[in-house]
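Undergrad: below is the sequence, then the predicted model.
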2 protein chains.
Amino acid sequence: LERNDLAGIQRWIADYPPHVIADEITRAEQVAAIMLFRLLDKDRALEVFEELDPTEQQKILSGQRDHAFHELVEAMDPDDRARLLGEAPAKFARRVLAGLSQQEREMTAALLGYPQGSVGRHMSPKAVPVRATGTVTQALRRIRLKGSDAETVYTLPVVDEERRLIGTATLRSLVLADPDQPVADLVDRQALSVPATADAEEAARLMQEANLLGLPVVDSEDRLVGILTIDDAIELIETADTEDVARLAGASPLTGHYLTASVFQVARSRAVWLLLLLVAATLSVNVMQLFEDTLAKVTALALFIPLLVGAGGNAGAQAATSAVRAIAVGEVRARDVLRVAWRELRVGLNLGLMLSVVAFSIGAILVGWSIAAVLGISLVAICAWAAVVGAVMPLVAKRLRIDPAVISAPLVTTLVDATGLIIYFLVAQAVLQF
Amino acid sequence: LERNDLAGIQRWIADYPPHVIADEITRAEQVAAIMLFRLLDKDRALEVFEELDPTEQQKILSGQRDHAFHELVEAMDPDDRARLLGEAPAKFARRVLAGLSQQEREMTAALLGYPQGSVGRHMSPKAVPVRATGTVTQALRRIRLKGSDAETVYTLPVVDEERRLIGTATLRSLVLADPDQPVADLVDRQALSVPATADAEEAARLMQEANLLGLPVVDSEDRLVGILTIDDAIELIETADTEDVARLAGASPLTGHYLTASVFQVARSRAVWLLLLLVAATLSVNVMQLFEDTLAKVTALALFIPLLVGAGGNAGAQAATSAVRAIAVGEVRARDVLRVAWRELRVGLNLGLMLSVVAFSIGAILVGWSIAAVLGISLVAICAWAAVVGAVMPLVAKRLRIDPAVISAPLVTTLVDATGLIIYFLVAQAVLQF
């Protein structure tokens, strides 16, 4: 692209699968991205467009003339369109809706009626329901008729006359069955389903745990309104994981691509927490002031402060991170808090003893026995304390219905720093006998 | 279970889907888990067993008599069995292999022949290949014949006479097509495939990006040897994410469940890094010793050390974490290192300026202007430095073919601590004019 090698680009476009081209478009600056996109022929353009993130889709659409704009928007799946509109400015959203056919507009509006983050926003309304009363042949004929437009035909919701969900049948079971068999024989009546207002991430994790390719979505009267497909579920899980990772490091999740988000956006996503943590760290300044006399008498104590708060912080961060992850993947629930605290106390004591041996040796070599003893003793207490606090805080957050990932490693570190210093100075006063 | 309410348990078992029962078995102690498992009827036991992790499967199998043991093992998918054997002790593995039918034993042995972490270990060898030369009806007949045993029939590898992969067809396209149409018309000849020796995590991410339900796996001569299915891919991605999260917090990934792993296992998974970081933190002790005179003259400088190393560490951890994640999901590649460094330098300066205003105010209130100025100036420099180091290190690791997640937040924090202290004391010497 940089070398203006048009023929080379066209060869490259023909050779590579859509998701690779989408990736390159995402990484390019806006003008280059639009140029690259215009080089695609119509079918390929659609395939590539579907692979893009909403932010990128908006970037590309803004550079299209009305005709191409409407063609792209009309061809989108309703759930992808709802996602695009959910993030777009009002003016852009109006332009999108104005160009749609009535049927597509209605479907999109229905999805946008569900709250952000709900299953309704992410499901496909184009499920292919089959009747339990027919035979396999009849069901397959219906799939042939309605299936070309649907997002999935592998999980088929089975409904009664009032569109109420009875269960699901898989296309696999239909294909493998005797053509004259009634569909009723193949229905899994214990099949899971979720209401459209349920949390999208939880529904996605449910699909993963139960190994489902499609999860029927129902309204409050158990009537089928759509289906959540596995590709949307995977994306939901990945987005949630990326958010958790960002939060764990004490940053707000960045919407958009790491390389193309503006420097200001990135700084903003990190600033809030950094500032909060800085203010929280004032606590450690206060603690230090409290013990300023001790410090003035034995300056050597100061030497080990970065090491000590570092070790405590690390131990707390490890515990917090594993607790947050264990909650996210469903291994731990809020009511396990005592079991977790007891485990982490023992883990922390183990770790503290190990660290304390090493730290004692380092201290003894560098500054002598007495301060080394202070260091060793404090480390055991600090590690145990840090591990318990780090693991318990996310569980408490969960119980208070706060996202556990908000209990970031830096937050735990900052809190453990201040208490760790208190432990350190108290041990110092006791051992060095002031 | 605790109340010995057998009838209650049996009602519960009948009502809940297999993955929920599997979850409860995982959370229970070994004896209770085996008892619970024995209460399941045969079909249900198999379903639940498939949902368990290899560690849990081994726990359950150890409690079974020979007959039940062999039935469970024989019914497993070959890839699940290979995963179980890959982690199990030799004696247990021999017992498993001894009880298998010859066909299943051969398939398992073939999978175990591929290196750990390769696609070969995770694929299903029971793919259902179809011929491009036949019609849709012939292909569907073949699927009916061979499909009941296969892990998936939704992505069908299309092969020539020598079992060489030509492309894929989806069951959906077959079902929607005219029965007399030749399969050749429906084949996607650009379909992706991977060699059995390829990295399993990368293959899984490829499936996710390209929205595939099945990815054909081939040998070095492009002959079909199996298929990677989406449920195995999701599990690979989740495991990799969990490992990344653990590494980011400076812990080795824990194999097994958070609640049932022994305290010793958990401590071991965290100890290595904690000890390394403790030794690395000795660097900060050396730096402090270097500036001990400065510190003795102005003890007030010591007050802000925890705050300062905290802020620098947090800024570095944020940058490192977002870089590691961006690499993991494929947004950033090793060759983007300069672009990333330049971005993070600007982000870091922005953040540093913001923090510095706040820190200056705190410092001015608590101890006076001159030390507040030292604090403010150092924070700008430290944040910029921390952001660049934090983001560049994972990229360098990636280029050196080290797992970028090894560049954990604590590692960055520890390194930034020592350099941050040097910056702090140098600024102090310049401003306070020693």
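TA: Alright, I've got the coordinates.

Undergrad: when you work out contacts or count neighbours from here on, use the C-alpha atoms and nothing else.
TA: Noted.

Undergrad: average pLDDT for the helix or strand hosting A:Leu140?
TA: For A:Leu140, the host element (DSSP states H and E) is helix A:136-146. Averaging pLDDT along helix A:136-146 gives 90.

Undergrad: what helices and strands are in contact with that helix?
TA: strand A:130-131, helix B:171-176 (3 or more Cα pairs under 8 Å, 6 or more residues apart in numbering or on different chains; DSSP states H and E).

Undergrad: most tightly packed of the ones you listed?
TA: Among these, ranked by average contacts under mean count of other Cα atoms under 10 Å in any protein chain shown, first place goes to strand A:130-131 (a mean of 22).

Undergrad: mind checking how far the closest residue in space to A:Met107 that isn't next to it in sequence is from chain B?
TA: Closest residue in space to A:Met107, ignoring its immediate chain neighbours: A:Pro78 at 6.4 Å, by Cα to Cα, 6 or more residues apart in numbering or on different chains. To chain B, A:Pro78 is 17 Å away according to Cα to the nearest Cα, to the nearest Å.

Undergrad: just the closest residue of the stretch 1-150 of chain A to chain B, please.
TA: Nearest residue of the stretch 1-150 of chain A to chain B, counting by Cα to the nearest Cα: A:Arg144, 4.8 Å away.

Undergrad: one step back: buried sites along the helix holding A:Leu140?
TA: Counting neighbours by 16 or more other Cα atoms under 10 Å in any protein chain shown, one finds that the buried residues in helix A:136-146 are A:136-140, A:142-144, A:146.

Undergrad: can you put those residues in a markdown table and add distance to B:Leu355?
TA: Converted to a markdown table, the buried residues of helix A:136-146 look like this (distance: Cα to Cα, whole Å):
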| residue | distance to B:Leu355 |
| --- | --- |
| A:Val136 | 67 |
| A:Thr137 | 69 |
| A:Gln138 | 68 |
| A:Ala139 | 64 |
| A:Leu140 | 64 |
| A:Arg142 | 63 |
| A:Ile143 | 60 |
| A:Arg144 | 62 |
| A:Lys146 | 59 |
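
Undergrad: which stretches of the stretch 251-400 of chain A form helices?
TA: A:263-290, A:292-297, A:300-303, A:305-328, A:337-366, A:369-399 (DSSP state H, counting those that start in this stretch).

Undergrad: coming back round to it: which one of the helices and strands packed on helix A:136-146 lies nearest to A:Ser361?
TA: Across the helices and strands packed on helix A:136-146, A:Ser361 has its closest neighbour in helix B:171-176 (66.5 Å, Cα to Cα).

Undergrad: on that earlier part again, I figured the residue of the stretch 1-150 of chain A closest to chain B hits B:Asp178, correct?
TA: No. A:Arg144 lies out of contact with B:Asp178 (Cα atoms under 8 Å); the separation is 9.4 Å.

Undergrad: ok, back up a step: report the contact partners of the residue of the stretch 1-150 of chain A closest to chain B.
TA: By Cα atoms under 8 Å, 6 or more residues apart in numbering or on different chains, the contact set of A:Arg144 is B:175-177.

Undergrad: over to A:Ile234?
TA: A:Ile234 sits next to A:204, B:208, B:234 when contact means Cα under 8 Å, 6+ apart.

Undergrad: return the member of those nearest to B:Ser118.
TA: B:Ile234 (15.1 Å).

Undergrad: quick check, the closest one in a helix?
TA: Yes. Counting by DSSP: H, G, I helix; E, B strand; the rest coil, B:Ile234 is part of a helix.

Undergrad: picking up where we left off before, so can I have TSV of the contacts of A:Ile234 showing pLDDT and distance to A:Met354?
TA: Below are the contacts of A:Ile234 laid out as TSV (pLDDT from 0 to 100; distance: Cα to Cα, whole Å):
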residue	pLDDT	distance to A:Met354
A:Ala204	94	41
B:Gln208	90	42
B:Ile234	92	37
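
Undergrad: where does pLDDT dip in the stretch 151-300 of chain A?
TA: For the stretch 151-300 of chain A, applying pLDDT under 70 flags the ranges A:255.

Undergrad: mind doing that once more with 90?
TA: A:151-152, A:161-162, A:178-179, A:189-191, A:209-211, A:235, A:238-300 (pLDDT under 90).
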